[in-house]
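J.: Sequence and computational prediction follow.
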Amino acid sequence: MRIHRFVGAVALALSLAACGTSQSATTGAAAADGADAVIKVGANPVPHGEILNFVKQNLAPAAGLKLEVVEFTDYVQPNVQLQEGQLTANFFQHKPYLDDFNASKGTDLTFVAPVHLEPLGLYSKKITNVTALAAGATVALPNDATNLGRSLKLLADNGVIKLKDGAGTAATERDVVDNPRKLQFKPLEAAQLPRSLEDVDAAVINGNYAIEAGLKPATQALVLEKTEGNPYVNGLVVPAGHEKDPNIVTLGKLLQDQKVKDFIKQKYEGSVIPAE
């Protein structure tokens, strides 16, 4: 049984390697023939998919790229499928999340081009000011390690709780040393947080899911992450070793183009902020 599993694993690895070779050869042949190179990019629909579609329609053709945007509603499959070779790149995450994913899942993916920041915010349908959080209130938080720590830091930065010295963005609920309101924390998958607003007193929601749910971080968040010195810039990610592929370099430059920055500023009105 172990031999069969080993042979199967080797066959899968060879198959993926052959697939990658074939894909590279096809891209090279397309470039040689003067045809647009096809890049398949995984993304969350908002704002990542919208930004990619702006690039696809307005900038990619002149650069000789043909983008295929594949949309995902979670934070796991875009990395899984990129590692497996089903995608050329993805665009949905910040580097701290990627580093944690690589460490916990054994993937080998690389962050190559910062594009924008989506400030994390605290939202509620029951109160209009963070100081109105009642004793024993339930606050939903994203349950992945990096965004959980990030959300606890947001609450600490705004005086809602106090964290153990040095906890920073790696904080967990065990690092809460002062919780004067006796808040009850409810970790949930990030995509479920907007829907949780009906059932909890408040929720810390990632920017992309907030915008997709019709929330406006710049005006509706009770508290919002600061942008200065913020490490949670979202960007383009590729398998390790593909950072300098010409088409990836080109796509990275397009995503950082001034026209894209202007599009982000105009469309999201401060709820998504271009990387500088």
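T.: Received the coordinates, thanks. Keep in mind the model is a prediction, meaning the values are calculated, not measured.
J.: What's the first helix or strand after the longest strand belonging to the chain?
T.: When the chain is parsed with DSSP state E, its longest strand is strand 109-117. Once strand 109-117 ends, the next helix or strand along the chain (criterion: DSSP states H and E) is strand 121-123.
J.: Phi, psi for Pro239 please.
T.: In terms of degrees, to the nearest 10, the main-chain angles of Pro239 are phi -60, psi 140.
J.: Quick check: beta-bridge partners of it?
T.: Here Pro239 shows beta-bridge partners Leu109, assigned using DSSP bridges.
J.: now swap in His116 and tell me
T.: Under the criterion used (DSSP bridges), His116 bridges to Asn234, Pro274.
J.: I'd assumed Tyr232 was in contact with it.
T.: No - between His116 and Tyr232 there is no contact under C-beta atoms under 8 Å: 10.3 Å. C-beta here means a position set from N, CA and C on the backbone, and glycine is covered the same way.
J.: now Asn102: how far from Leu155?
T.: Asn102 sits 27 Å away from Leu155, going by C-beta to C-beta, to the nearest Å.
J.: higher neighbour count, these two?
T.: Between Asn102 and Leu155, Leu155 has the larger neighbour count (other C-beta atoms under 10 Å), namely 25 against 17.
J.: Relative to Gly241, how far out is the more buried one?
T.: 39 Å.
J.: go on, Tyr268?
T.: Here Tyr268 is placed at a distance of 33 Å from Gly241 (C-beta to C-beta).
J.: With neighbour numbers in mind, choose between those two.
T.: When neighbours are counted by other C-beta under 10 Å, Tyr268 comes out ahead of the other of Tyr268 and Gly241, with 22 against 10.
J.: ok, now which ones touch the more buried one?
T.: Tyr268 sits next to 47, 211 when contact means C-beta atoms under 8 Å, 6 or more residues apart in numbering.
J.: Tell me which helix or strand in the chain has the weakest average pLDDT.
T.: Counting by mean pLDDT, DSSP states H and E, the chain has its least confident helix or strand at helix 2-32, which shows a mean of 38.
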